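J.: I'd like to go over a predicted model; first the sequence, then the structure.
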Amino acid sequence: MPSPFLDTIRRDIRLRGYSIRTEKAYLQWIRQYIYFNKKKHPKDLGAYEVKAFLSYLATDRHVAVNTQKVALNSLVFLYHKVLGKELGDLGFTLATKQRSIPTVLSQEDIKHILGCLKGRNKLIIEILYGSGLRISECLRLRIQDIDLQKCSVTVKDGKGNKDRQTLLSPRLIPELEHTIEAALKVLQKDNEQGAGPSLPYALGRKYPNAYRSPRWAFIFPSTTLCQHPVTGITCRHHLHQSVVRKALQTAVAKAGIVNKKVNCHTFRHSFATHLLEAGTDIRTVQELLGHNDVKTTQIYTHVIGQHYAGTLSPLDRMVP
């Protein structure tokens, strides 16, 4: 049964322009927090209960550090933004996440994996590796985001709500042209039924016929129509990430790569590492990846050993 209180939170989240993914995550953790406290209303709870819930997640459920952060952010939003109640110092310290070196594939490994993929799924993985995109960024690409003449890709509302441009491999142009043509046929068929691609709510309201414009069509549209989660309008969203992930795992198994954990993000890591190996300036790589701080990009120098470039092992200094 729908909860009026959670509906109020949902409206507040949408009023502030948060993404649908953030909305779902916040509502999930707030709901769990309420059930953890035996369905007591959060206004009757406070810092003590929040700390107890976060401790439960860390010590009993052993959730990851990033999961703890999302849960904390959800409850901070609930109290500060919705209830207007300050939590003060919780006296709770999040678990420390150790820095890990990202998994990077060799170009030979990538060739083997691509050889086990075909069609749309192959093109998506090629874009992840060739342009350094996250899987969510790739699947959200619309026709207007690709410039085939300048060989560039524009990422809209990337992580941190940032826009950026990155490069597009000319090798992908023929396949992209074919894929865009197929996407336009899907758009035409949907338009005949009065439907089109899902649009940001404000845009669809301001430009009611925007769904008919080819530039707003997703390059990788979903195979089915759905209801927009905000407007309720029948539309076509982009392809779901799970489709690509399943195809990739099958390809990795066929390629016989068993010594590395490979996922969609591995190709973004490989993109950055291979650029640095080829001598690309780290600031350029930072811009292409959309990192705020170059320190985030520097993790890839550890993969290729540049963090100790020019340093000799004491064994090499020994006179034979």
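T.: Arrived safely, thanks for sending.
J.: quick one: low-confidence parts of the stretch 201-320 of the chain?
T.: 201, 304-320 (pLDDT under 70).
J.: all helices for it, in order.
T.: Secondary structure of the stretch 201-320 of the chain by DSSP state H, counting those that start in this stretch: the helices cover 201-206, 241-255, 264-277, 282-289, 294-297, 299-304.
J.: and if you look at the stretch 51-200 of the chain?
T.: Under DSSP H, counting those that start in this stretch, the stretch 51-200 of the chain gives helices at 65-76, 107-115, 119-131, 135-139, 173-192.
J.: list just the one of those that sits closest to Asp163.
T.: Checking the helices of the stretch 51-200 of the chain against Asp163 by Cβ to Cβ gives helix 135-139 as the closest, at 10.8 Å. For glycine as for every other residue, the C-beta is placed from the backbone atoms N, C-alpha and C.
J.: sorry, back to before: now the helices of the stretch 51-200 of the chain as a markdown table including distance to Thr280 and mean pLDDT?
T.: Formatted as a markdown table, the helices of the stretch 51-200 of the chain follow (distance: least, Cβ to Cβ, whole Å; pLDDT from 0 to 100):
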| stretch | distance to Thr280 | mean pLDDT |
| --- | --- | --- |
| helix 65-76 | 29 | 91 |
| helix 107-115 | 15 | 96 |
| helix 119-131 | 14 | 97 |
| helix 135-139 | 20 | 96 |
| helix 173-192 | 22 | 97 |
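J.: and of these, who's closest to Ser55?
T.: That would be, of these and by Cβ to Cβ, helix 65-76, which comes in at 10.0 Å.
J.: tell me what the closest one is packed against?
T.: Judged by 3 or more Cβ pairs under 8 Å, 6 or more residues apart in numbering; DSSP states H and E, the packing partners of helix 65-76 are helix 20-36, helix 47-59.
J.: what residues of the first one count as buried?
T.: Think helix 20-36. Going by neighbour count (16 or more other Cβ atoms under 10 Å), the buried part of helix 20-36 is Thr22, Glu23, Ala25, Tyr26, Leu27, Trp29, Ile30, Tyr33, Ile34.
J.: before we move on, the earlier item: make CSV from the helices of the stretch 201-320 of the chain and add mean neighbour count and distance to Glu175 to it.
T.: Converted to CSV, the helices of the stretch 201-320 of the chain look like this (neighbours: other Cβ atoms under 10 Å; distance: least, Cβ to Cβ, whole Å):
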stretch, mean neighbour count, distance to Glu175
helix 201-206, 13, 29
helix 241-255, 16, 16
helix 264-277, 21, 16
helix 282-289, 17, 21
helix 294-297, 13, 29
helix 299-304, 18, 28
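J.: thanks a lot, catch you later.
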